[in-house]
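# Give me a model of this one.
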Amino acid sequence: MSDTYAHWLARCAKAPSTKAHRLLGTGGLVVIAPHPDDETLGASALLSEAAHSGRPVGIVALTDGEASHPGSKAFPRERLAEVRRSEQEAALTALGLRQVRWLRLSLPDGGAGRDPRWADAPARIAAFCHAIGAETLSAPHPGDPHPDHHAAAALAEEVRTLRPDLRLLFYQVWSMRLSGEAPYRHEQLLPFGIATDPEAKRRAIACHASQLGQLIADDPDGFVLPDWFLTAQAAPREIHALAPMRGSVPPPSHFAALYADGGDPWHVRSSRYEAAKRADNCDQLKGRTYRAGLDIGCGEGHLSRALIESGIALGVTGIDREGAIVERASAVHADLASLTFRSGSLPDDLPDGPFDLVVMSEVLYFLDEQGLSALATKVEKRLAPGADLLIVSYRGETGTPLSGRQSHDLLVALFGETLRSISLRERENYQAELLRFRREAEEGWADTAPSR
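Numbers count the residues shown, from 1 in each chain. Alright, predicted model coming up:
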């Protein structure tokens, strides 16, 4: 992979557009801002969603931006720092945020990463994230061309060593200044486009009078946001890059051991929970008859059978990575000619399709971010127009890098605007979401609020 800014731009141009909540989860949001205004310029889409949903928000202000006008006598560093703090707070109000928690580190503008206090910053930020119930941390991209932005990205990575459960999203501010040949990290990062509120963002940027040349008159060489940069802020979406969670998914040998000697690790034959969940899944799908269903991660095939016996699907193909469980499923359900099973790795060995129903029940968290990205691409190619996807996700501890909810939301995000949520059932131990597919999104179609 060529780690250049040009290649990153090419990936961003094809990045799926998604709703911010699919990347943020249900918890709080903490944004690291190297200078007062960076959170508005780079992460307004996330902050606007937080204002809409009411999730807790914290801002880590790395510096107070006191070095933007070093030649001004009317606004020495201390006074300018106070002005810029006030501008930052006013901008977040303009984005619709009424309650924001602050961690102001007041590291030196232009030299945040060289200050001795930087060493204590990761622990302070990790504690701050815990205090507000943050699920997601957002920081500048490591390649964003400013030393304080580099320091902020490094801080975010350090915080994740202390809080590996945090999702990490990178935003961009000054990357657009780079040449196409400039080195730029994007290996293992997944870019997404998130729609902005252009008017709210314009109002928020207008709060930063000191950076717009509207306040300080005695420093002609002081910093002013350039016109070309401000024009770019009117773009309809921001790019946010998802970093992978730490850890690794179970290897194939893990599943082979679980199913060895007739093993039933999830008690699918005897568990009341499993039986009730299958009945609930079928009830959620009732009212439509599918010609060809695909059950990804089918296990012993009991959900596949239920789909046929309930009249929901005329035929179902089940696929699982472990050959022993596929052989068992084929034997157990040999009486149903419309039900077939095959073994194969995910996501590489999916059958060709087309399918008008795809079911993925408690399987996605066994894939990492790159695996889910490949799965989304391969599933989309096998979907018939108007096909439905049923994603069922365990809500408890999974022991995998991605939780059930995180893997669920990430897969939906990877489909971009081609999926519309039809219904969402949230149970004590799982959630089940029915989504409808259109190969090209129509206006008002994509990922709207589901019925519950």
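# can you list the residues that contact the helix or strand encompassing residue 125?
Using DSSP states H and E, residue 125 maps to helix 121-132. Defining contact as CB atoms under 8 Å, 6 or more residues apart in numbering, one finds that helix 121-132 is touched by 28, 30, 32, 56-58, 60, 101, 103, 105, 107, 134, 137, 155, 158-159, 161-163, 166. C-beta coordinates here come from the backbone N, C-alpha and C atoms, glycine included.
# right, and residue 15 touches residue 194 too?
No: Residue 15 lies out of contact with residue 194 (CB atoms under 8 Å); the separation is 9.7 Å.
# Between those two, point out the one with more neighbours.
Counted by other CB atoms under 10 Å, residue 15 and residue 194 do not tie: residue 194 has more neighbours, with 26 against 19.
# element containing that one?
strand 190-195.
# same check, this time on residue 103
Assessed by DSSP H and E, residue 103 sits inside strand 101-107.
# now the angle from that strand to helix 121-132?
With axes from the mean of the first three to the mean of the last three CA atoms, to 10 degrees defining the directions, strand 101-107 sits at 170 degrees from helix 121-132.
# Please name every helix or strand in contact with strand 101-107.
On a contact count with 3 or more CB pairs under 8 Å, 6 or more residues apart in numbering; DSSP states H and E, strand 101-107 meets strand 57-63, helix 121-132.
# buried ones in the last one?
The neighbour-count criterion (16 or more other CB atoms under 10 Å) identifies 121-122, 125-126, 128-129, 132 as the buried residues of helix 121-132.
# and it, how far from the chain's centre?
Put simply, helix 121-132 sits 21 Å off its chain's centre (CA atoms, centre = their mean, to the nearest Å).
# what do you get for stretch 13-21?
For stretch 13-21, the distance to the chain centre is 9 Å (CA atoms, centre = their mean).
# The helices and strands packed on strand 101-107 into CSV, with extra columns for distance to residue 83 and mean pLDDT?
Shown next, in CSV, are those (distance: least, CB to CB, whole Å; pLDDT from 0 to 100):
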stretch, distance to residue 83, mean pLDDT
strand 57-63, 14, 98
helix 121-132, 24, 98
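# Regarding residue 388, which helix or strand does it belong to?
Judged by DSSP H and E, residue 388 forms part of strand 383-394.
# Show me what that strand is packed up against.
helix 272-285, strand 355-361, helix 404-414, strand 430-437.
# Show me what the one helix or strand residue 155 maps to is packed up against.
Assigned by DSSP H and E, residue 155 belongs to helix 147-162. Counting contacts by 3+ CB pairs under 8 Å, 6+ apart, helix 147-162 is packed against strand 28-33, strand 57-63, helix 121-132, strand 134-140, strand 167-171.
# Tell me the buried residues in it?
148-156, 158-160.
# rewinding a little: right, and the helices and strands packed on strand 101-107 - which one's nearest residue 170?
For those, proximity to residue 170 was assessed by CB to CB; strand 57-63 is nearest, at 14.5 Å.
# Please save the CA atoms from that closest one in CSV.
Extracted in CSV, the C-alpha atoms of strand 57-63 (Å, rounded to 0.1, in the frame of the first residue of the first chain):
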residue,chain,number,x,y,z
VAL,A,57,-19.0,15.6,25.4
GLY,A,58,-15.5,16.5,26.7
ILE,A,59,-12.9,18.7,25.0
VAL,A,60,-9.2,18.2,25.8
ALA,A,61,-7.7,21.6,24.9
LEU,A,62,-4.0,20.8,24.4
THR,A,63,-3.0,24.5,24.1
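# Check the offset of it from the chain's centre.
21 Å.
# What distance do you get for residue 63 to residue 110?
With the distance defined as CB to CB, to the nearest Å, residue 63 ends up 8 Å from residue 110.
# More neighbours: these two, which one.
Each of residue 63 and residue 110 has its neighbours counted (other CB under 10 Å); residue 63 has more, 26 against 18.
# Can you tell me, leaving aside adjacent residues, what's nearest to that one?
Spatial nearest neighbour of residue 63, chain neighbours left out: residue 109 (4.3 Å); criterion: CB to CB, 6 or more residues apart in numbering.
# how about that neighbour, what does it touch?
Contacts of residue 109 (CB under 8 Å, 6+ apart): 35, 63-68, 148.
# Ramachandran angles for it?
phi -60, psi 120 (degrees, to the nearest 10).
# Now do the contacts for residue 27.
For residue 27, counting by CB under 8 Å, 6+ apart, the contacting residues are 55-56, 133-136.
# Out of those, who's the most crowded?
Most neighbours among those, by other CB under 10 Å: residue 134, with 29 neighbours.
# and it, what are its bridge partners?
residue 28 (DSSP bridges).
# per-residue confidence for it?
You'll see residue 134 listed with a pLDDT of 97.
# Could you list the low-confidence segments of the stretch 351-452 of the chain?
440-452 (pLDDT under 70).
# Dump the buried residues of helix 147-162 to CSV, plus pLDDT and distance to residue 428.
Shown next, in CSV, are the buried residues of helix 147-162 (pLDDT from 0 to 100; distance: CB to CB, whole Å):
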residue, pLDDT, distance to residue 428
148, 97, 45
149, 98, 43
150, 97, 44
151, 97, 43
152, 98, 39
153, 97, 39
154, 97, 40
155, 97, 37
156, 98, 34
158, 97, 36
159, 98, 32
160, 96, 30
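# Nearest the geometric middle of the protein, what residue?
Closest to where the C-alpha atoms of the chain average out (CA atoms, centre = their mean) is residue 23, at 2.6 Å.
# I figured that one hits residue 192, correct?
Yes: with contacts counted by CB under 8 Å, residue 23 reaches residue 192, the gap being 6.3 Å.
# follow-up on the earlier one: if we compare the helices and strands packed on strand 101-107, which one ends up closest to residue 278?
Between those, helix 121-132 lies closest to residue 278; by CB to CB that is 37.9 Å.
# ok and the closest one relative to helix 147-162, angle-wise?
60 degrees.
# how many degrees apart are helix 121-132 and strand 28-33 in direction?
Following the same axes, to 10 degrees, one obtains 150 degrees for the angle between helix 121-132 and strand 28-33.
# got the phi/psi numbers for residue 330?
According to degrees, to the nearest 10, residue 330 has phi -60, psi -40.
# Next, format the contacts of residue 27 as JSON lines and append distance to residue 144.
Below are the contacts of residue 27 laid out as JSON lines (distance: CB to CB, whole Å):
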{"residue": "55", "distance to residue 144": "25"}
{"residue": "56", "distance to residue 144": "25"}
{"residue": "133", "distance to residue 144": "27"}
{"residue": "134", "distance to residue 144": "21"}
{"residue": "135", "distance to residue 144": "23"}
{"residue": "136", "distance to residue 144": "18"}
